[in-house]
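Asker: sharing a sequence plus its predicted fold:
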Amino acid sequence: MASIHSKDTRPELAVRHWLWHHGFRYRKNARQLPGSPDIVVVNAHVAIFVHGCFWHQHPGCPAATVPHSNVDFWTAKFRRNHERDERVRSSLSALGWHTLVIWECQLKPPVFEKTMAVVAAILSDARDSASSRPQPRPYDFVSDNDDYDLAAEDLEDYDSPD
Ligand SMILES: [Zn+2]
């Protein structure tokens, strides 16, 4: 499968910068995990996805509109995205990872700091309870590309924000 997941969107960058400057260390674009999580905070066992409100149809969000033309196409596409998100979440959960979704609208300037404060609290809690649980086993997932030959130690080499 081609590597189509190496996206670095602005909202993702903002989240990474914030986490980095607040002492959270992570891996980005973890292609060896189901769904290629945008950000993985290893010692908290948390996989973070930054979701576009339109593509992932953020419930109740003004940005989650359905286009007026080709309604069937869009409805089917959104349903597939939703089903995929659910599959990814349960696969990650089976491997011992929590999933945290941050919606793009929650990263707009007026609410960004508030959102990240909540994220930080979740990560801190998860980190505390992670220390008493067994480590997740990310490499039990064998993908259809050859990423599985990465050494497990790779997750200990943290990424910088950029
Ligand atoms: Zn939204």
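Answerer: Structure's in. What do you need? Numbering: from 1, shown residues only.

Asker: ok, residue 63 - contacts?
Answerer: 53-54, 104-105 (C-beta atoms under 8 Å, 6 or more residues apart in numbering). Using the backbone N, CA and C atoms, a C-beta is placed for each residue, glycine as well.

Asker: in the chain, what residue sits furthest out from the centroid?
Answerer: residue 69 (30.4 Å; C-alpha atoms, centre = their mean).

Asker: dihedrals phi and psi, that one?
Answerer: Note on residue 69: backbone dihedrals following degrees, to the nearest 10 are phi -100, psi 160.

Asker: who touches it in this structure?
Answerer: By C-beta under 8 Å, 6+ apart, residue 69 lies in contact with nothing.

Asker: nearest residue to the middle of this structure?
Answerer: By C-alpha atoms, centre = their mean, the chain has its centre lying nearest to residue 49, at 2.1 Å.

Asker: for that residue, phi and psi?
Answerer: phi -110, psi 130.

Asker: so it touches residue 34, yeah?
Answerer: No - shown here, residue 49 and residue 34 do not form a contact pair, counting by C-beta atoms under 8 Å, at 11.2 Å.

Asker: what sits closest to the residue nearest to the centre of the chain if chain neighbours are left out?
Answerer: Using C-beta to C-beta, 6 or more residues apart in numbering and skipping the chain neighbours, the partner closest in space to residue 49 is residue 101 (5.1 Å).
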